[in-house]
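**Q** coords please:
(one chain, ligands or ions: 1)
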Amino acid sequence: MHYAKKRFGQNFLVDTDVINRIVDCIQPQADDVMIEIGPGLGAMTKPLLARLNQLNVIELDRDIIPKLKKICIFADQENMRKLIVNEGDVLKFDFGRFFDEHPELTSGENGPEKKLRIVGNLPYNISTPVLFTLLKQRHLIQDMHFMLQKEVVDRIVAEPKNKLYGRLSVMLQTFCQAQSLFEVPPYAFEPAPKVNSAILRLQPDDRFEHQIHDFSAYEKLVRQAFSQRRKTLRNTLKNLCSAELIEQSGLSPKQRAEELSVADFVNLYRSIYPSS
Ligand code: SAH
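**A** As a prediction, the model looks like this:
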């Protein structure tokens, strides 16, 4: 018996159709290096373990871990060997060290040969920090599948000029292909959340990777541009660059952040930080 803890964002998936649909979208292959964030009582963990040779999970709630293990091992004794539990906060998890501890995964100069596949029904109260933590470690990641609040997924995949287009859209779309896969209604969970949810797929790619050498500087530029949505770039970026510099990057100082494509943001960054 486990009472859901609100402070850990615990909403457990109970709808088998939804669970199967997510696992189908993930398409786990037996030798994938997969990490599940927040396994809870194993709704996703169990079907994932059935398809994988091994699964690492990161869980913050230490009370739930023995229950998770029991549930998974009850489903299949093999899971005793397959399931590797990391107790702790995903926001403090060092994915790089994970590779140090698994030297068989690390190969050449271009990072690990097998990259991480990350999945999870994320606690909604920390979803943005989790996404940024992972974005900073994108070089280690093959893809990510997350259950998130639908509104957050809509923001992430939004296009320029849409009212949901903002910092989250630009940051994630600069470094990843982002796709909203399907919606999940509140009654698929126990307890039911107040909001609709959706499944997001993120695939890091290197379209702009060689142009942005300082992630924090880029993040600051994007944040500042969107800090006052109704204002023009000339105003919002006043202390970062001149109107001439904005023009040099092929934009008008009269434009607003929401009109800029991801490529426009990258060009702007390149004008402001030419040496990097
Ligand atoms: N995956 C399960 C549970 C989802 S609820 C299911 O779909 O049913 C979210 C889970 O994330 C809970 O198990 C909660 O304890 C865990 N969690 C919350 N904050 C966390 C954090 N900072 N790091 C890792 N896990 C966390």
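**Q** and the next helix or strand past the one helix or strand Met147 maps to?
**A** Using DSSP states H and E, Met147 sits in strand 141-149. Next along the chain after strand 141-149, taking DSSP H and E as the criterion, comes helix 150-157.
**Q** enumerate the residues of the stretch 101-250 of the chain near the ligand.
**A** Neighbours of the ligand within the stretch 101-250 of the chain, by Cβ under 6 Å from any ligand atom: 121, 123, 126. Where C-beta positions appear, they are placed from N, C-alpha and C, glycine not excepted.
**Q** who wins on neighbours among the residues you listed?
**A** Highest neighbour count within those: Asn121, with 27 neighbours (other Cβ atoms under 10 Å).
**Q** is the closest residue to it other than its chain neighbours bridged to anything, and to what?
**A** Leaving aside its chain neighbours, Asn121 sits nearest to Met147 (4.0 Å; criterion: Cβ to Cβ, 6 or more residues apart in numbering). Beta-bridge partners for Met147, by DSSP bridges, are Asn121, Ile199.
**Q** repeat for Phe182
**A** On the basis of DSSP bridges, Phe182 is bridged to Ile199.
**Q** what packs against the helix or strand of the chain with the lowest mean pLDDT?
**A** Lowest on mean pLDDT, DSSP states H and E among the helices and strands of the chain sits helix 95-101, with a mean of 80. The helices and strands touching helix 95-101, judged by 3 or more Cβ pairs under 8 Å, 6 or more residues apart in numbering; DSSP states H and E, number zero.
**Q** quick one: buried residues of that helix?
**A** Residues of helix 95-101 classed as buried under the neighbour-count rule (16 or more other Cβ atoms under 10 Å) are 95, 98-99.
**Q** which among those residues are in contact with the ligand?
**A** Counting by Cβ under 6 Å from any ligand atom, nothing from the buried residues of helix 95-101 sits close to the ligand.
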